[in-house]
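1. Got a sequence here, can you build the structure:
(one chain, ligands or ions: 2)
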Amino acid sequence: MSGSNGTTTRPKVLVPEKLSPDGLALLSKTLEVHEKKGLTADQLIEIIPEYDALLVRSETKVTAQLLQAAKNLKVVARAGVGVDNVDVPAATKLGIVVVNSPQGNIQAAAEHTIALLMSMARNIPDGCASTKAGKWERSRLVGVEVKGKTLGVIGLGKVGLIVARMARGLGMNVVASDPYASPQVAAANNVTLVQTLDELLPQSDFLTIHTPMLASTKGMMSTTELNLMKPGARILNVARGGIIDESALLDALNSGHLAGAAIDVFTAEPPTKDPEGTAAKLVAHPRCVATPHLGASTVEAQENVSIDVCEQVLDILSGAMPRSAVNAPIILPAEYKTLQPFVKLVEKIGSIYTQHFSNPSSSANAFRNTFDLIYEGELSSMTSTKPLFAALIKGLLSPISDAEGVNINIVNAEQLAKERGIFVNEQKSRDPSGTSPYSSLVTLVARPPSRPSSVSRIATEDVKSEKSRSQHIISGYCSDNRPFISRLDRFSTSFSPADASTLLICHNYDAPGKIGTVGSILGRESVNINFMSVAPASYGPGNKFEPGSGVATPDAVGQKRRDTLDGAEKEALMILGVDGEVKHEVVKELIGAGGVLSVSLVNL
Ligand SMILES: NC(=O)C1=CN([C@@H]2O[C@H](COP(=O)(O)OP(=O)(O)OC[C@H]3O[C@@H](n4cnc5c(N)ncnc54)[C@H](O)[C@@H]3O)[C@@H](O)[C@H]2O)C=CC1
Ligand SMILES: O=C(O)C(=O)COP(=O)(O)O
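-> Ligands and ions are numbered 1, 2, ... in the order given. Sure thing, here's the model as predicted:
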């Protein structure tokens, strides 16, 4: 990199926490590495603008405010698994790659869990402290065996599975609850999967948690859940503080309902020193074994995670792909910035397809599951279009998805598409046709369901419905970083889906008076119209997509229209961008209005 005075500056890496030197040594060959421990949040914000990379463990809070101040930051590397201390959505929005080390410390975390399990079962910390204090308390410190006992595991992921295998080796029965775990993997490891915590909790003698900290897991073990546990059961948390509600746990220990707790992680780390605080009381509780977030603290794990993330930092800063990007852009930051407006566009295209073209009550217009997603022009030279694919899946599924709260992104889009049987064939074409005034064009073609090849006799109805079975096409482009839709099937248009919260798409005969009728019905209902676009039929009735045909300039529109339409087919779309609710009865009234063939409502 060249500085303003012509000198060459090396990219800078900030390391505000203790990281193994094995990885840092890789960086210092080509980068300037600054290890600065003990910075306050304000000091971090002050110095972050000069850094290209930030390397953290669990202590540094990588907030949206910090990321916004980080004008040169390309990557946040988390030397460990959990990224709950990093505001990943904020990083994604800013095009900053977040990487982690998903494997490097899992053995250490699992071994620590087993160490805590045995320590708790055999009163080892208490026995050790008592003996060092000169006492010899054999009868007070009688423990329990784990063999033959049931270990409940919440979260059968990487750490949970290693813990489960080790527990099997100790002769324990292992039962797990994880809505996303593979039944085959569980069965192969002699783990019984149950559907709910209600099933898991009453049968667990020991319970261990290995889920990430998510909105859905925060406070997951609170008073109700702890009460469902067997009297005398013991609980472990080597995942994240706050998954078990600390005050509910303290109550369960104080009441004697639970016989013990082993806690490596706390809601605030380190827990506040106030002796009256819940966490301090928990740590001080005689039946709580506490460690200071040591799950990943082995020499081996720290070497692993440090080398893993430092290699990824080098990859990103040298323009290569990182192997474990957590957030959306598994692409280069510069490319991500270029793609961002198209991400919005493609999501809107998907959403318009689902809400305008697919109709659950019509077999001819049933939701199609085979799509071509065609990138023309400059966009076709992108090395990765994964965010666009993810945006399409998000747009297609969000209006009909019952998976509320699932954030569809490039991490999960492929999996979700597979689960829904959606196939997307991404195609690239370098040269948009001469008719397109824009440098890049995106087109979605929804293909009709293919006829089974074994069917040799084609029914007359099939032939008749051939037209309705034709493909659906939506094209769009970006101008000034804003998305525009340029084509809906045969109709050419130009409107920005960003300009309204709802689209009202009326299909009508192209005759005078329609605008007035629709406008007065909406006016009467106090529906505020933000824009209106009349979309004439500019493409042939066959509705085929040819590359470059997604944007028609006004002249081309007129020409194509004259070329392709006969008088009988003068139909148009009237597309209105409106704000606020449009009631079902209003839609029905619009359809009843003369010459309006159909109306669809699209929530954007
Ligand atoms: N104490 C420490 O030093 C360490 C703590 N950790 C923590 O352990 C967590 C787990 O790590 P990995 O096993 O590597 O992650 P992972 O992603 O492989 O596994 C997490 C599992 O939790 C499951 N899960 C998600 N929501 C769930 C729910 N509501 N109920 C049940 N299961 C649910 C997922 O399906 C997944 O199988 C990390 O997120 C991190 O917070 C990890 C390493 C060290
Ligand atoms: O990897 C994780 O999720 C951990 O919790 C380890 O945290 P640490 O790197 O030891 O601060």
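
2. I'd like to know how many residues surround residue 591.
-> For residue 591, the number of neighbouring residues by other C-beta atoms under 10 Å comes to 14. Where you see a C-beta, it was placed from the backbone N, CA and C, and this is true even at glycine.

3. Quick check: next helix or strand after the host helix or strand of it?
-> Under the assignment given by DSSP states H and E, the secondary-structure element containing residue 591 is helix 584-592. Next in sequence after helix 584-592, counting helices and strands by DSSP H and E, comes strand 596-603.

4. Kindly format the C-alpha coordinates of that next one as CSV.
-> Written as CSV, here are the backbone C-alpha positions of strand 596-603 (Å, rounded to 0.1, in the frame of the first residue of the first chain):
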residue,chain,number,x,y,z
VAL,A,596,-59.2,-4.6,-14.8
LEU,A,597,-58.4,-8.3,-15.3
SER,A,598,-56.5,-9.0,-12.1
VAL,A,599,-54.8,-7.2,-9.2
SER,A,600,-52.0,-8.4,-7.0
LEU,A,601,-50.6,-6.9,-3.8
VAL,A,602,-46.9,-7.1,-3.2
ASN,A,603,-45.5,-6.2,0.2
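
5. Parallel or antiparallel, which strands does it pair with?
-> strand 502-509 (antiparallel) (DSSP bridges).

6. got the contact list for the partner strand?
-> With C-beta atoms under 8 Å, 6 or more residues apart in numbering as the contact definition, strand 502-509 has outside contacts at 352, 356, 488, 497, 514, 518, 522, 570-580, 582, 587, 590, 595-604.

7. I'd like the distance between residue 293 and ligand 1.
-> Summarising the geometry, the distance separating residue 293 from ligand 1, computed by C-beta to the nearest ligand atom, to the nearest Å, is 6 Å.

8. Quick one: residues contacting that residue.
-> Taking C-beta under 8 Å, 6+ apart as the contact definition, residue 293 lies against 58, 264-266, 269.

9. what about residue 49, which SS state?
-> helix (DSSP: H, G, I helix; E, B strand; the rest coil).

10. Nearest to ligand 2 within the stretch 1-150 of the chain, name that residue for me.
-> Taking C-beta to the nearest ligand atom as the measure, the stretch 1-150 of the chain has residue 80 as its residue closest to ligand 2, at 2.5 Å.

11. Over to the stretch 251-400 of the chain?
-> In the stretch 251-400 of the chain, no residue comes nearer to ligand 2 than residue 296, which is 3.6 Å away by C-beta to the nearest ligand atom.

12. circling back to that earlier point, where does the residue of the stretch 1-150 of the chain closest to ligand 2 sit: helix, strand or coil?
-> Bear in mind the rule, three-state DSSP; under it residue 80 is coil.

13. Please tell me how far whatever residue of the stretch 451-600 of the chain ends up closest to ligand 2 sits from ligand 1.
-> At 36.2 Å from ligand 2, residue 481 is the closest residue in the stretch 451-600 of the chain, using C-beta to the nearest ligand atom. Taking C-beta to the nearest ligand atom as the criterion, residue 481 is separated from ligand 1 by 35 Å.

14. which secondary structure elements does the helix holding residue 591 contact?
-> Applying 3 or more C-beta pairs under 8 Å, 6 or more residues apart in numbering; DSSP states H and E, one finds that helix 584-592 contacts strand 502-509, helix 514-524, strand 596-603.

15. Please give me every residue in contact with the residue of the chain found nearest ligand 1.
-> In the chain, no residue comes nearer to ligand 1 than residue 157, which is 1.7 Å away by C-beta to the nearest ligand atom. Applying C-beta under 8 Å, 6+ apart, we find residue 157 in contact with 178, 181, 210-211.

16. Lowest pLDDT pick from those?
-> Of all the contacts of residue 157, residue 181 has the smallest pLDDT value, namely 83.

17. tell me the SS of that one?
-> Remark: residue 181 carries the secondary structure label coil [criterion: three-state DSSP].

18. The one 4 residues further on now?
-> Look at residue 185: counting by three-state DSSP, its state is helix.

19. confidence score at it?
-> Note on residue 185: pLDDT of 92.

20. Count the neighbours of it for me.
-> Around residue 185 there are 13 residues (other C-beta under 10 Å).

21. thinking it is in contact with residue 161, fair?
-> Yes: Residue 185 lies in contact with residue 161 (C-beta atoms under 8 Å); the separation is 7.1 Å.

22. re earlier: check whether the residue of the stretch 1-150 of the chain closest to ligand 2 really touches residue 304, as I assumed.
-> No: with contact defined as C-beta under 8 Å, residue 80 does not reach residue 304; the gap is 9.9 Å.

23. Neighbour count: the two, which is higher?
-> In this comparison of residue 80 against residue 304, neighbours counted by other C-beta under 10 Å, the higher total goes to residue 80 at 27 against 24.

24. so who does that one touch?
-> Residues touching residue 80, when contacts are defined by C-beta under 8 Å, 6+ apart, comprise 57-58, 100-101, 104-105, 296, 305.

25. burial measure for residue 180, as a count.
-> There are 9 residues near residue 180, going by other C-beta under 10 Å.

26. for stretch 309-329, what is the average pLDDT?
-> pLDDT averaged over stretch 309-329 gives 80.
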